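>>> no sequence on this one, just coordinates:
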Ligand code: FEO
């Protein structure tokens, strides 16, 4: 694809990756992704903001062919889907300097062996003049590595946000055209990548409130113009207050746990609580992560197998612990044959979660009337806890 103009002398460059289905060998990419770089031409100097994943280097280099000189390469983030082609760009423009945060400088030297002499560090709030265009660098640590920053192009009111506000979508649309589709992709992206750093990212979002941002150009997905709705969505995802919802990953081997799961879902819905249910044997882990963004309560449904939780339930607990969602309550339901340590094992796997563990409901074999009554009480307790805390 050719470079594409966004504003006067501001261009999208980069590559659309239609094929990838897994990011970092971990994160599902149902819709592919893009690696967006941007070119800003001032009347004196020119800057390239980020590059592309190394397998896509030739596409960026072809777009740069008509560019007579490059003074700066802005490296917002040292992860290689954005920084990995900097060495190739430096071969083409050996006079260019690489601009980064002090933390990123070390990482770029470690990861890409960029010579120190080519690196220029910028402090938080520092500006760089390109003549009639001014880049202001804002440090935004932990979005989602410790070295990350964003750039505000003052004259055009564009925020170049790198991973912040990103979404994994491969498309030829330069700007957001289908807000619902992008909301879903951005939420998935937030859940999988940003949620563990929620509190520090919330501070970064607050910091951006002082700027008149009229467009957000991220390094994955489409450009937001206007950007208000995606900033508002992030405000909700980053907020400490969860929604009146339960995320319910479960696995069942012979149907007993499934009976309990279905009963509890119906009881919760009867109490006005939203439930996002995921059968771990078939679920898309990205969808589970998205539901964790909002949920006030996590319920894990698992049979006892080999004296502990089913391995798929253990994986879900491990994932939830790593993603550090804002959930306040957690409980476990399931069936066992002759005993085990399911509750103790799962409870020991979630040290990062600041949750109150509600009384689990475990039944021997198939659930009986007594077990269903216990599930009724559990549903009522969850609903009451949500009401008491004002979750909506
Ligand atoms: Fe898109 Fe953290 O790299």
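Here it is on my side, so go on. Please read all numbers here as calculations on a predicted model, not as lab measurements. Residues are numbered from 1 along each chain as shown.
>>> how much space between the one residue in the stretch 1-150 of the chain that gets nearest to the ligand and residue 148?
Residue nearest to the ligand within the stretch 1-150 of the chain (C-beta to the nearest ligand atom): residue 79, separated by 3.7 Å. Every C-beta, even on glycine, is put in place using the N, C-alpha and C of the backbone. The spacing between residue 79 and residue 148, counted by C-beta to C-beta, to the nearest Å, is 9 Å.
>>> quickly list what's touching both of those two.
Residues within reach of residue 79 and of residue 148 at once, by C-beta atoms under 8 Å, 6 or more residues apart in numbering, are residue 163.
>>> more neighbours, these two?
Set side by side, residue 79 and residue 148 show more neighbours around residue 148, with 27 against 19, by other C-beta atoms under 10 Å.
>>> would you confirm that that one contacts residue 137?
No - Residue 148 is beyond contact range of residue 137, at 11.0 Å (criterion: C-beta atoms under 8 Å).
>>> quickly list what's touching both of these two.
By C-beta under 8 Å, 6+ apart, the residues touching both residue 148 and residue 137 are residue 101.
>>> so where's the stretch 151-300 of the chain shaky on pLDDT?
Counting by pLDDT under 70, the stretch 151-300 of the chain contains no low-confidence range.
>>> 90 instead?
Flagging of the stretch 151-300 of the chain using pLDDT under 90 yields the residue ranges 284.
>>> now the helices for it?
In the stretch 151-300 of the chain, the helices defined using DSSP state H, counting those that start in this stretch lie at 179-189, 198-208, 228-238, 256-270, 285-294.
>>> of all those, which lies closest to residue 341?
helix 256-270 (16.6 Å; C-beta to C-beta).
>>> show the contacting residues for residue 9.
Taking C-beta under 8 Å, 6+ apart as the test, what residue 9 contacts is 40-42, 133.
>>> again with residue 352
321-322, 324.
>>> which one of these has the most neighbours?
residue 324 (17 neighbours).
>>> looking at that residue now. What's its pLDDT?
We have a pLDDT of 96 for residue 324.
>>> from memory it sits against residue 355, does it?
No - using C-beta under 8 Å, residue 324 is not in contact with residue 355, being 10.8 Å away.
>>> up against the ligand, what does the stretch 201-350 of the chain have?
Applying C-beta under 6 Å from any ligand atom, one finds that the stretch 201-350 of the chain approaches the ligand through 219-220.
>>> these two touch, right, residue 41 and residue 130?
Yes - look at residue 41 against residue 130 with C-beta under 8 Å: they come within range, at 7.3 Å.
>>> and which of the contacts of residue 352 is nearest the ligand?
Using C-beta to the nearest ligand atom, these come closest to the ligand at residue 322, 16.0 Å.
>>> which residues touch the spatially most central residue of the chain?
With distances taken as C-alpha atoms, centre = their mean, residue 190 lies nearest the centre of the chain, 2.3 Å away. When contacts are counted by C-beta under 8 Å, 6+ apart, residue 190 touches 234, 237, 293.
>>> any buried residues in the helix or strand hosting residue 320, and which?
Residue 320 is part of helix 311-323, with elements assigned from DSSP states H and E. Judged by neighbour count using 16 or more other C-beta atoms under 10 Å, the buried positions of helix 311-323 are 312-317, 319-320, 323.
>>> in the stretch 101-250 of the chain, what residue lies closest to the ligand?
For the stretch 101-250 of the chain, C-beta to the nearest ligand atom, closest residue to the ligand: residue 163, 4.4 Å.
>>> for that residue, give its distance to residue 7.
Relative to residue 7, and taking C-beta to C-beta, residue 163 is found at 22 Å.
>>> does residue 3 touch residue 10 like I think?
No - using C-beta under 8 Å, residue 3 is not in contact with residue 10; the gap is 10.4 Å.
>>> spit out the residues that contact those two alike.
Listed as contacting both residue 3 and residue 10 by C-beta under 8 Å, 6+ apart are residue 39.
>>> ok, back up a step: what's the ChimeraX syntax to select whichever of the contacts of residue 9 are buried?
Buried residues among these (16+ other C-beta under 10 Å), as a ChimeraX selection:
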select :40,41,42,133
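>>> from the contacts of residue 9, list the ones also adjacent to the ligand.
Answer for the contacts of residue 9 near the ligand: none qualify (C-beta under 6 Å from any ligand atom).
>>> so which of the contacts of residue 9 are in strands?
40-41 (DSSP state E).
>>> could you export the contacts of residue 9 as TSV, including pLDDT?
What follows is those, written out as TSV (pLDDT from 0 to 100):
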residue	pLDDT
40	98
41	98
42	98
133	98
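>>> who in the stretch 51-200 of the chain is up against the ligand?
77, 79, 81-82, 144, 163.
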